[in-house]
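S.K.: sequence and predicted structure, then a few things I'm wondering about:
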Amino acid sequence: EITAIARKSRDDGNQYWGRITGSPYDRMTTEWVEAQFKRIGLEQVRQQEFTDLPPQWWPVSWEVTINGREKAVLKSAFPLYRSVGTTGQADLEPVWVGTGTDADFLGRDVRGKAVIAYGFPNPGGREDTALTWGVVRRADMAGASALFIVLGFPGNVMNEPTAAGTTNPARMPVFMLGNQDGTRIRQMIERDEEPRLRFRLAVELREGLKTANVWGVLPGATDENVAVMAHTDSFFEGAMDNASGMATMLALAEHYAKMPRAQRRRTMTFFTTSAHHSPSGENAGIRWVHNNMQQMFAKTALVLNCEHTAQVATFLVGDTLYASNQVSARRWFVGGSTQLQTLVMKAFKDYGMALYSRPEARPGGELSQVYTDAPSVHIIDHTVYHTDLDTLNAVPASRSEEHTSELQSRETISYAVFCLKKK
């Protein structure tokens, strides 16, 4: 149901699609969550609307074609976050610069041309080596008029790496491309077809957009609190990022709502946040929670962040990605209490959780904004996120069902931390 909202965004004709903050599909998602909270029986259920979002970068429409001996539309083209638009249609000579390092630019005249660089995912669609190694700045300084970054996933993946555009916004049009489209350009150059890239990109800064967090409370025997959170927005279908986290949050709410109140030693506060993938300023989303909910955090024994909670492990064999029958290893973070760390690490071991060999020094995702406010924990997966590979097939539903059964029958992480005495 969550991913269906994102697919509706695409099917309604939006090139920039997903549960994007400020869009009608963002509103549909919050309304869906509110209805689920009420169905489960949470109390004090409400939407908290934010009406003062910063101006939101919004690509309205675009098209990219390559013209050589044949003409082809590059269907995987997707603008980099905060890319500038074009004035009408551009027509440029493409120049291949390998992985986009300084060595790759040596001897290449890219002034007034379209730079084509290849990036290896590290680890997924949100980042790649070309971006990490500074290809945007390098192409800009070399005088390029446009930049196309080929993501090295097999196939023709569409992706939106917001992080790069946030930290290093480009002063020229920048598009991401799938591997098949990038290979087509490279082969045309190799065959000396003198190809031309023709493209247009219309971009707006939209003001006055609204978004909302959703809140619900499950009263316990005391007013000491456990906070369970998940962000709602996504690019593309967003099954793992973050429909999986929203589903995890709702499953926990359903489980504990079935308990007699006397057995819930603490009150539980469930809430969503939006504007995770786009600027929220200090007065919306998780930043608002950090800035304005210190009274809640003062009584909170645990913050549980439900974000990218499960993805099938995938492996590169030849030029094909193969899914497996296992859940992939995850990033993880536990902080704020040595007792919490002991409990969680024991639970990880007891249940054979697939994890990276060491924790995050500082948590990523939404938890990065509130982990200092109370003891906190999350596991977070990330390989296919910010790409159109992030579909229902990426989330292991059968394994999630098994884990839900374990959750309801035995003492697991969530129950261990629920019973934790605040230090």
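M.R.: Sure thing, it's come through.
S.K.: now do the helices in the stretch 151-300 of the chain.
M.R.: Taking DSSP state H, counting those that start in this stretch to define them, one finds helices in the stretch 151-300 of the chain at 162-167, 179-190, 245-257, 285-292, 294-298.
S.K.: then the stretch 301-423 of the chain?
M.R.: Along the stretch 301-423 of the chain, the segments classed as helices by DSSP H, counting those that start in this stretch run 338-350, 397-409, 413-418.
S.K.: which of those helices comes out lowest on mean pLDDT?
M.R.: Across those, helix 413-418 has the smallest mean pLDDT, namely a mean of 44.
S.K.: and the helices in the stretch 1-150 of the chain?
M.R.: For the stretch 1-150 of the chain, the helices defined by DSSP H, counting those that start in this stretch occupy 2-11, 24-40, 102-105, 129-132, 135-141.
S.K.: tell me which of these is the most buried.
M.R.: With neighbours defined as mean count of other Cβ atoms under 10 Å, the helices of the stretch 1-150 of the chain peak in mean count at helix 129-132, which reaches a mean of 22. Every C-beta, even on glycine, is put in place using the N, C-alpha and C of the backbone.
S.K.: send the alpha carbons of it over as CSV?
M.R.: Extracted as CSV, the C-alpha positions of helix 129-132 are listed here (Å, rounded to 0.1, in the frame of the first residue of the first chain):
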residue,chain,number,x,y,z
THR,A,129,32.8,7.1,-6.8
ALA,A,130,32.6,9.9,-9.5
LEU,A,131,30.6,12.1,-7.1
THR,A,132,32.7,11.1,-4.1
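S.K.: off-centre distance for that helix?
M.R.: Computed by Cα atoms, centre = their mean, to the nearest Å, the separation of helix 129-132 from the middle of its chain amounts to 18 Å.
S.K.: and for stretch 45-52?
M.R.: Distance, stretch centre to chain centre, for stretch 45-52: 22 Å (Cα atoms, centre = their mean).
S.K.: one step back: I'd like the helices of the stretch 1-150 of the chain written out as a markdown table, with distance to N291 and mean pLDDT added.
M.R.: Below are those laid out as a markdown table (distance: least, Cβ to Cβ, whole Å; pLDDT from 0 to 100):
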| stretch | distance to N291 | mean pLDDT |
| --- | --- | --- |
| helix 2-11 | 27 | 97 |
| helix 24-40 | 20 | 98 |
| helix 102-105 | 41 | 97 |
| helix 129-132 | 30 | 92 |
| helix 135-141 | 31 | 94 |
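S.K.: low-confidence stretches in the stretch 51-200 of the chain?
M.R.: Low-confidence regions of the stretch 51-200 of the chain, defined by pLDDT under 70, span residues 163-168.
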